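**Student:** need a 3D model of the following:
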Amino acid sequence: MDETGSMVRPYTVTRGRTQPSDRHVVDLLSQVTAVEPDDAAQPELDHARASLLGWIRRGPRPVAELAADADLPLTVVRVLLGDLAEAGLVRIDRPRRVQAAGPQLLREIVERLKQL
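**Tutor:** Numbers count the residues shown, from 1 in each chain. Sure thing, here's the model as predicted:
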């Protein structure tokens, strides 16, 4: 909602875009961290982008959590995060891939569970 309490359409917030720029991968589990811009002058942000940045400044969090906290559709959040990354205000880290456990590790886990 905007300052007047009326519903703002996602199309308006994202300026008609449905994807962030190709320079930024914004995966559902990507970790987003606020960063201070290199220069002292911060870019002018509209309400939606400033609000999302406020959530991010509370601590690093995944994209899915930000969408839930901000009560915005995931598509909108991905576009806004791309804009914030372009402005140098956030860092978007790809999710870490966990390697599958091998048979030896699984056997060790089973043995330790049996000991309990």
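**Student:** how far is the strand or helix carrying Gly54 from where the chain is centred?
**Tutor:** Applying DSSP states H and E as the criterion places Gly54 in helix 47-57. Between the mean C-alpha point of helix 47-57 and the mean C-alpha point of its chain there is a distance of 11 Å (C-alpha atoms, centre = their mean, to the nearest Å).
**Student:** and it, what does it pack onto?
**Tutor:** Under the contact criterion of 3 or more C-beta pairs under 8 Å, 6 or more residues apart in numbering; DSSP states H and E, helix 47-57 touches strand 31-34, helix 63-70, helix 74-86. Every residue, glycine included, has its C-beta placed from N, CA and C.
**Student:** how close does the residue nearest the centre of the chain sit to Leu72?
**Tutor:** The centre of the chain sits closest to Val63, judged by C-alpha atoms, centre = their mean, with a distance of 2.8 Å. In this view, Val63 and Leu72 are 11 Å apart by C-beta to C-beta, to the nearest Å.
**Student:** and if you look at Gly82?
**Tutor:** 14 Å.
**Student:** quick one: low-confidence parts of the protein?
**Tutor:** Flagging of the chain using pLDDT under 70 yields the residue ranges 1-21, 37-41, 97-101, 116.
**Student:** same thing but at 50, please
**Tutor:** When the per-residue scores of the chain are filtered using pLDDT under 50, the ranges that remain are 1-7.
**Student:** count of neighbours near Arg94?
**Tutor:** In terms of burial, Arg94 registers 11 neighbours under the definition other C-beta atoms under 10 Å.
**Student:** any common contacting residues for Gly82 and Leu72?
**Tutor:** With contacts taken as C-beta atoms under 8 Å, 6 or more residues apart in numbering, Gly82 and Leu72 have no neighbour in common.
**Student:** enumerate every residue touching the nearest residue to Val77 once chain neighbours are set aside.
**Tutor:** Excluding the flanking residues, the one nearest Val77 by C-beta to C-beta, 6 or more residues apart in numbering is Ala67, at 4.3 Å. Shown here is Ala67, whose contacts under the criterion C-beta under 8 Å, 6+ apart are 73-74, 76-77.
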